[in-house]
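Enquirer: quick one: sequence plus predicted model below, questions after.
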Amino acid sequence: MSRLTAVDLFSGAGGASLGLIDAGFDLRLAADFNPACGLTHAANLPGEFIVGDLREVDADKVSNTADIAPGELDLLFAGPPCQGFSIIGSRVVWDERNNLFREVLRLTRDLRPRSVVIENVPGLVTLAGGAYLRAILQGLAEIGYEAACAELLAAQYGAPQMRWRLIIIAWRHDTGIPPGFGFPAPVPGCGSIGDLLPNCTITAAETSGFVTTREAIGDLPPVAPGEEVSSYTGSPSCDYQREMRAGLTGDLANFLANHYAARLSEANLARLRLLRPGQDWRDLPSDLLPTGMRRALRKDHTRRYRRMTWDGVPRSVITRFRDPKSGEYTHPEQDRTISIREAARLQGFPDRFVFHGDRSCQYEQVGNAVPAQLARAISAEITRCLAGNPGATACWIRSVAAPSP
């Protein structure tokens, strides 16, 4: 029996691609505008790669490059840039990145895949009063697809990261699969989809079974700010660490790639030296704070300069994880922010997955990635649905129906 086929648009470094492959899909093609992502894909993943602006790529090129005719593709996975939707950013309606979802709709219309997954930030739900989300759902309905959406937490699917993503899953009408199917049931913890929400109190019981900071990166060797370490100094001590180090054999058995920690200013180093695990900017002397933060309210910016804890679950990785001011990215013991490799582990990339391009580009690739375990869980559930054996049901999903014409 042949494997189900997949295409990954706006693929970035390949977190979704990796999840698709791990779920058994035949990845025919990935596409992104960043040439460094193409180098990373070529070094780590199968399938063809298109480098370019998807606004200038037509369905014929995708179909011919992927060697698959319109109507034959099983899954189109797309993660259009999310900065215009994110609550971390400026959330301006006119941000041109907000309209790249139209390219996903265009290619869906022309490629006619059996299923579509669109991944983005939860902020998409509220931007412009929900107009963008309604436009996506309405657009899918107009071209023959029925869709539903849900906010999924990556930590509930095995990724060591409290990262919420908005997932839209659409089915071509002739599959007979109703909207609301395709969302995998969480595995670790005791919550269901939608039970754990961002910016709300989450108890220790609800995070039971989540991968902790120690389990995710505790075996990686010390590294000083501005330096890189390229070999292991200890053995893995838990299942997640063993999974991350699997596949490193022969001459590469002890080779550690991308374990680089950003250089920090003397002012930032002085701040980090005073912080214990779980502490943040509010625990620093006022004269050590950046000028702009000295008048900040104590209830604001609560993650800035926070040092991670070994027993906690890491926060959502962003592209600026090199900067301690940007969030909870300071190592639990060492006076530095987490390395590129450590952040890659939080995103579910195994150590054999090597990132290419300059270091600034590597930070962007890791920070923008889809957590591989989340993509794998979704892809596996899509497979079950297409085989007529779905696990999750629509009653678990907080769906948003497309408005009537």
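Expert: On my side now, so go ahead.
Enquirer: quick one, strands of this structure?
Expert: Here the chain has its strands, by DSSP state E, at 5-9, 26-32, 48-51, 75-78, 115-120, 145-153, 164-172.
Enquirer: can I get those strands in TSV including mean neighbour count and distance to Gly292?
Expert: (Each C-beta comes from the backbone N, C-alpha and C, glycine too.) Output for the strands of the chain, formatted as TSV (neighbours: other CB atoms under 10 Å; distance: least, CB to CB, whole Å):
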stretch	mean neighbour count	distance to Gly292
strand 5-9	28	38
strand 26-32	24	35
strand 48-51	18	39
strand 75-78	26	37
strand 115-120	25	30
strand 145-153	23	32
strand 164-172	24	28
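Enquirer: could the ones you listed be laid out in a markdown table, adding mean pLDDT and distance to Thr213?
Expert: Converted to a markdown table, those look like this (pLDDT from 0 to 100; distance: least, CB to CB, whole Å):
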| stretch | mean pLDDT | distance to Thr213 |
| --- | --- | --- |
| strand 5-9 | 98 | 29 |
| strand 26-32 | 98 | 29 |
| strand 48-51 | 98 | 33 |
| strand 75-78 | 98 | 29 |
| strand 115-120 | 96 | 24 |
| strand 145-153 | 94 | 17 |
| strand 164-172 | 95 | 18 |
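Enquirer: any chance of those strands in JSON lines, with distance to Val229 too?
Expert: Shown next, in JSON lines, are those (distance: least, CB to CB, whole Å):
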{"stretch": "strand 5-9", "distance to Val229": "31"}
{"stretch": "strand 26-32", "distance to Val229": "29"}
{"stretch": "strand 48-51", "distance to Val229": "30"}
{"stretch": "strand 75-78", "distance to Val229": "34"}
{"stretch": "strand 115-120", "distance to Val229": "32"}
{"stretch": "strand 145-153", "distance to Val229": "31"}
{"stretch": "strand 164-172", "distance to Val229": "31"}
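Enquirer: partner residues bridging Asp32?
Expert: Val51 (DSSP bridges).
Enquirer: and it, how far from Pro179?
Expert: 28 Å (CB to CB, to the nearest Å).
Enquirer: thinking Leu153 is in contact with Leu196, fair?
Expert: Yes - look at Leu153 against Leu196 with CB atoms under 8 Å: they come within range, at 5.4 Å.
Enquirer: look up the closest residue to Asp219, ignoring the ones flanking it.
Expert: Gln241 (4.6 Å; CB to CB, 6 or more residues apart in numbering).
Enquirer: okay, that neighbour: pLDDT?
Expert: Note for Gln241: predicted pLDDT of 98.
Enquirer: is it true that it touches Gly218?
Expert: Yes - counting by CB under 8 Å, Gln241 touches Gly218, with 7.1 Å between them.
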